[in-house]
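In: I would like to see how this sequence folds:
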Amino acid sequence: MPYVIAEPCIDIMDRSCMEECPVDCIYEGDRKLYINPMECIDCGNCEPVCPVEAISQDRRVPPELKDFVADNKRFFTESLPGRDEPIGLPGGAAGHGPVGADTELVAGYDPRG
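Out: Sure thing, here's the model as predicted:
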């Protein structure tokens, strides 16, 4: 998985990263954005435009945010609340539209700790 969007994106979702992605692999959950690891080409265009520094390569995610590496993948490989099947590989976020759901980690995230 080349790039991951971690905790700083929760409830922010600036979306500037979506505009910079040449392959349209950044999908919109309810509270956070997610990068589809099967569609990402590891170009890095998304990382410098994120105003909250939520995006990094999976191997560079800070230790305290490592849970978001697996969670980002889970968004595409497991059925989310209200959905019958995983998102999988839809071929681009623009054609898919907002998902309207998040993984369990993000849906239950409490910013107060």
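
In: Tell me which other helices or strands the lengthiest helix in the chain touches.
Out: Secondary structure of the chain per DSSP state H: the longest helix is helix 67-77. When contacts are defined as 3 or more C-beta pairs under 8 Å, 6 or more residues apart in numbering; DSSP states H and E, helix 67-77 sits against strand 3-5, strand 33-35, helix 104-107. Where C-beta positions appear, they are placed from N, C-alpha and C, glycine not excepted.

In: What residues sit buried inside the helix or strand following it?
Out: Of the helices and strands lying after helix 67-77 in sequence (DSSP states H and E), the nearest is helix 93-96. Neighbour-count burial for helix 93-96, counted by 16 or more other C-beta atoms under 10 Å, picks out Ala93.

In: one step back: of all the helices and strands packed on helix 67-77, which one is nearest Pro86?
Out: strand 33-35 (12.2 Å; C-beta to C-beta).

In: neighbouring strands for that closest one, and are they parallel or not?
Out: Strand 33-35 sits in its sheet next to strand 26-28 (antiparallel), going by DSSP bridges.
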